[in-house]
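Enquirer: Following is a predicted model, sequence given first.
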Amino acid sequence: MMRMLWSLMFVLFAGQALAIEVQSWQTQGGTRVMYVHVPQLPMVNLQVMFDAGSARDGELPGQANLLNELLLEGAGKWNADELARELESRGIEVSTHTGRDMASITLRSLSDKNILTPALDMLAAMVSAPGLDPAAIERVKARTLAELRLASQSAEEVADREMMQALYGDHPYAHDPLGTETSLGQIDAAALRAFHQHYYTQANAVVALVGDVDRTQAEILVAHVLDGLPVGQKAAPLAQPKPGKARVLHKDFPASQTHLYLGMLGISREDPDYFPLVVGNHILGGSGLTSIMGEEVRNKRGLSYGISSYFSPLRVAGPWMLTAQTKNSQARKTLELMTSLLRDFIDEGPTRKQLQAAKKHLAGGFPLKLSSNKKILSQISTMAFYDLPPDWLDTWPAHVEQVTRAQIHRSFRRRMPMKHLIQVTVGGGK
Amino acid sequence: MELYHIWGFELLMRTFCSLLLCLFSLTALAGGDKVEEFMLDNGMKVIVKPDHRAPVVVSQVWYKVGSSYELPGTTGVSHVLEHMMFKGTRHVAPDEFSRIIAALGGSENAFTGIDYTAYFETLSKQHLERALELEADRMQNLLLDEKEFQREVAVVREERRLRTDDDPNGLLWEQFNAVAWRVSPYRNPVIGWMHDLEVMTVADLQKWYDQWYSPDNAVLVVVGDVVPVKVQALAKKHFGPIPARKHEPWRQRPEPEQKGPVRMRLEVPAEQPMLLLGYKTPAMADLKDPSEAYALMVLNSILGDGDSSRLTSAVVRQQELAVSASSSYDAFSRLSGLLEIQAIPGKDSSLDDLESGILAQVRRLQNEPVSKQELQSVINRTLASKVFARDSMFYQAMLIGMRETNRYDWRSLDAELKHIREVTAQQVQAVARKYLVEKHLTVARLEPVKDTKPAAQEKKS
């Protein structure tokens, strides 16, 4: 049934032979699978991912998310009530998520055959035969509109949305995956069926599986879940976003704080500067209160509760953001501090001591990344979806170890120049 | 996008953390390696649960103190003290604690709830001793510096603005608790009232630290790739020499009986209305007959936990009165609490209709017995959630710590499934009639005041 095109890898924990073995294969329909056998607990975590995130919305923002959420609202022979009952009465958990790149459905079930078999029957129906009943469509739209209203009463969400718009302009990453009231009004069952047919295919899917099933069972059950999907084809490559000019945006908001966002285009998963930029950001604002930003903005001055910077690596350049929030009267001072710390870091790079501390933290913390089935699933899902090599985890500590100060300095200067910096502030109390 | 407020229990972290996302089902845990318990001579309890799936260890030190121990005028002091526990001791410089753990590849943080304050480290197993040494140090040697305090309490005021003052739903929850309770300390928010945070002093913190931070008021929970007797030896070495302290007993402030429904309306700039209902319910430790608390757990699960619950199937899907509706009940709280129902109406449904729809489901629980299938579903879900809970070392430690600091025993986790199995439809109906009564109901509504917001303005830079 499967093509035996699988590779094997062993992850080593700091000198200890260990513990997890990532296996990878490709199904006949072209679905990439990553799998780790963990027999210690009688349970299975499984995630099916499609290259069908909001970047594929086209003219109808929100349709990728709407379709993905509708998978839970009736499928195959089960209506929404029956599906919920059949799943929950067996303790089976299913959830969906739609991001810019990915639409996913995640299942957690006991590995007992009497539970796992119906779980997978239902999962197979959900991915390949969603009911898309008109009442269910209207219900999920109403819920999405409520989510949009909740987002619009949060200065943080408003700032995030403004930042993504400013960074991405016409690029499909720009819009909120939830869509808008207007666009949701234009989406009907026919549009959703067409979207499903085009993007929910075997060639456009990847699967990650962790738990108490052996390799033979794993192949059979993955094949079963994908069985009803057409072979189809991979989604077309996304355009590369283009960095724009520096901009300063402000939105008044009735709140006691102002949310401060600084942003630039960041990195893709396969970016050649991935490690220098990620390690550099760890030092700058990615390591909580021990980062430069945490130390200077919060520890030394007490200006903000949350203060951090992060890359969100995507298929093509994802965003980089530096965010904080402070009472309105301190907004300007805090923003100036954040900007000048960022400028200094880009100009000068990290110190030897800072880099050493970051490496110790990242390398020493590696075993923590794989300490549960859920965490292992999260790691191999990313690897499978972004076509990372099966030895990605294996080589990760060495990649971190090899990063030099000069590389960080060079990559920040070249990739993150202040001339591209977008500033968004939301607040001011008005 | 988060549609549901984190609720059931209120918990503040020192820094932003995604930990809460995995804490929804507070039922669980059974099987696995045997839990071992030791008592040090100074009265500190040590609980160890081996889990050898990865070479990792989680260490949590739990103190029996939280916002429900606080007095009017100094609300929030437990949480501010939690922040200050990272600001230096006689041996460790301010913020050095975090840097040491980071250099070991570990992560650390702390959280404060209504009934407890906990500090944790997650590390490669060979570094456990360093974490215990540092925790033992700050249990006895904390330095409360005036300047550090002023900066940190300013951070906490920002945290309050972020979570409560500027968040309409956060504000609704705070107000809801404040009107539901007249006397019980559960009326105060964990983060404290703003004025209390403005006038708080180092002396308030010192007093609080001296009063509650000692080994006889703490529980150490260790879960991970460890050998229990070795953990016992390490605990003895580092915590053993710390003397026990005589504690002023916590003074009870029992809630007088509620004599009729309480209603409130929050009118703030917002876009989305919201509805909260709460019925006064007992904590298991206060019950002569603990089976009532298990019956309430089953009732809650059938009423409002999950997509197949009655609130979702009837109120959301069938009647379309809400876009989401759910309920929560914590049988293992320290003091009597609330069975809470939270619902978000769709654009076209009124809060009146939504409330009626929810109350109809409450009456259904009182008027007809729940079905066999519903009871079996709760049992199966409890069983599965106990297996799933074992996947996270952190969560396993957290469940043990919560029980131990709230007048319960970690063994109650193992006994839970058995008690859930014993609950009958008649018991569920009986507790519905006894506790979900209008006289003991609190209703809070968020009714948005429209505020016109201009589009983002581009500034000349």
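Expert: Happy to help now that I have it.

Enquirer: per the record, what domains does chain B have?
Expert: Per the record, chain B has its domains at B:31-239, B:262-446, by automatic domain parsing.

Enquirer: Rebuild those as a markdown table, extending it with mean neighbour count, distance to residue A:147 and mean pLDDT.
Expert: Using the backbone N, CA and C atoms, a C-beta is placed for each residue, glycine as well. Below are the domains of chain B laid out as a markdown table (neighbours: other C-beta atoms under 10 Å in any protein chain shown; distance: least, C-beta to C-beta, whole Å; pLDDT from 0 to 100):
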| stretch | mean neighbour count | distance to residue A:147 | mean pLDDT |
| --- | --- | --- | --- |
| domain B:31-239 | 20 | 13 | 97 |
| domain B:262-446 | 20 | 8 | 97 |
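
Enquirer: what about these, which gets the closest to residue A:262?
Expert: domain B:31-239 (18.1 Å; C-beta to C-beta).

Enquirer: Is that closest one in proximity to chain A?
Expert: Yes - using C-beta under 8 Å from any C-beta of the partner chain, domain B:31-239 reaches chain A at B:53-56, B:86, B:94-95, B:98-99, B:102-107, B:122-124, B:150-159, B:161-162, B:165-169.

Enquirer: Which ones among those residues lie within helices?
Expert: Taking DSSP state H, the ones among the residues of domain B:31-239 next to chain A that sit in helices are B:98-99, B:102-103, B:150-159, B:168-169.

Enquirer: Mind listing residues that contact stretch B:363-375?
Expert: Identification of contacts with stretch B:363-375 by C-beta atoms under 8 Å, 6 or more residues apart in numbering or on different chains yields A:89, B:298-299, B:302-303, B:310, B:423-426, B:428-429, B:432-433, B:436.

Enquirer: can you give me the strands for the stretch 101-250 of chain B?
Expert: For the stretch 101-250 of chain B, the strands defined by DSSP state E, counting those that start in this stretch cover B:107-113, B:117-124, B:218-224.

Enquirer: Residue of chain B nearest chain A, please.
Expert: Nearest residue of chain B to chain A (C-beta to the nearest C-beta) works out as residue B:105 at 1.9 Å.

Enquirer: Counting neighbours, what do you get for the closest residue to that residue other than its chain neighbours?
Expert: Counting by C-beta to C-beta, 6 or more residues apart in numbering or on different chains, residue B:105 lies nearest to residue A:364, which is 1.9 Å off, once chain neighbours are set aside. For residue A:364, the neighbour count with other C-beta atoms under 10 Å in any protein chain shown is 20.

Enquirer: which ones are touching residue A:364?
Expert: Neighbour list for residue A:364: A:14, B:103-106, B:124 [criterion: C-beta under 8 Å, 6+ apart].

Enquirer: For chain B, what's its nearest residue on chain A.
Expert: residue A:364 (1.9 Å).

Enquirer: can you give me the strands in the stretch 51-200 of chain A?
Expert: Under the criterion DSSP E, counting those that start in this stretch, the stretch 51-200 of chain A contains strands at A:74-75, A:78-79, A:93-98, A:103-110.

Enquirer: Turn those into TSV, columns for mean pLDDT and mean neighbour count.
Expert: Output for these, formatted as TSV (pLDDT from 0 to 100; neighbours: other C-beta atoms under 10 Å in any protein chain shown):
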stretch	mean pLDDT	mean neighbour count
strand A:74-75	98	24
strand A:78-79	98	18
strand A:93-98	98	18
strand A:103-110	98	23
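
Enquirer: Can I get those strands in CSV including distance to chain B?
Expert: Putting those into CSV (distance: least, C-beta to the nearest C-beta, whole Å) gives the following:
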stretch, distance to chain B
strand A:74-75, 10
strand A:78-79, 9
strand A:93-98, 8
strand A:103-110, 5
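
Enquirer: So the closest residue to residue B:406 other than its chain neighbours, which state does it fall into?
Expert: Distances taken as C-beta to C-beta, 6+ apart put residue B:334 closest to residue B:406, at 4.4 Å, once the chain neighbours are dropped. Following DSSP: H, G, I helix; E, B strand; the rest coil, we place residue B:334 in the coil state.

Enquirer: List the contacts of residue B:334.
Expert: Counting by C-beta under 8 Å, 6+ apart, residue B:334 touches B:68, B:114-115, B:283, B:285, B:405-407.

Enquirer: Residue A:56 versus the residue nearest in space to the middle of chain A, what's the distance?
Expert: Relative to the mean C-alpha position of chain A, the nearest C-alpha, by C-alpha atoms, centre = their mean, is the one of residue A:99, at 6.2 Å. Residue A:99 is 11 Å from residue A:56, where distance means C-beta to C-beta, to the nearest Å.

Enquirer: Residue A:374 now?
Expert: Counting by C-beta to C-beta, the gap from residue A:374 to residue A:56 is 27 Å.

Enquirer: quick one, which of these two is more surrounded?
Expert: Each of residue A:374 and residue A:56 has its neighbours counted (other C-beta under 10 Å); residue A:56 has more, 22 against 16.

Enquirer: Residue A:172 is in contact with the more buried one, correct?
Expert: Yes - using C-beta atoms under 8 Å, residue A:56 is in contact with residue A:172, at 7.4 Å.

Enquirer: Contact residues of the stretch 251-400 of chain B facing chain A?
Expert: Within reach of chain A by C-beta under 8 Å from any C-beta, the stretch 251-400 of chain B has these residues: B:269-272, B:306-308, B:312-313, B:316-317, B:320, B:323-324, B:344, B:346-347, B:373, B:376-377, B:380-385, B:387-388, B:390-393.

Enquirer: Need phi/psi at the residue nearest to residue B:105.
Expert: When quoted as degrees, to the nearest 10, the phi and psi of residue A:364 stand at phi -70, psi -30.

Enquirer: So it versus residue A:378, what's the distance?
Expert: As judged by C-beta to C-beta, residue A:364 and residue A:378 stand 20 Å apart.

Enquirer: follow-up on the earlier one: between the domains of chain B, which one is nearest to residue A:51?
Expert: Nearest to residue A:51 among these is domain B:262-446; the distance by C-beta to C-beta comes to 26.9 Å.

Enquirer: end-to-end on the closest one?
Expert: The straight-line separation of the ends of domain B:262-446 (C-alpha to C-alpha, to the nearest Å) is 15 Å.

Enquirer: can you give me how far that domain is from the chain middle?
Expert: Domain B:262-446 sits 15 Å away from the centroid of its parent chain (C-alpha atoms, centre = their mean, to the nearest Å).

Enquirer: Repeat that for stretch A:333-346.
Expert: 27 Å.
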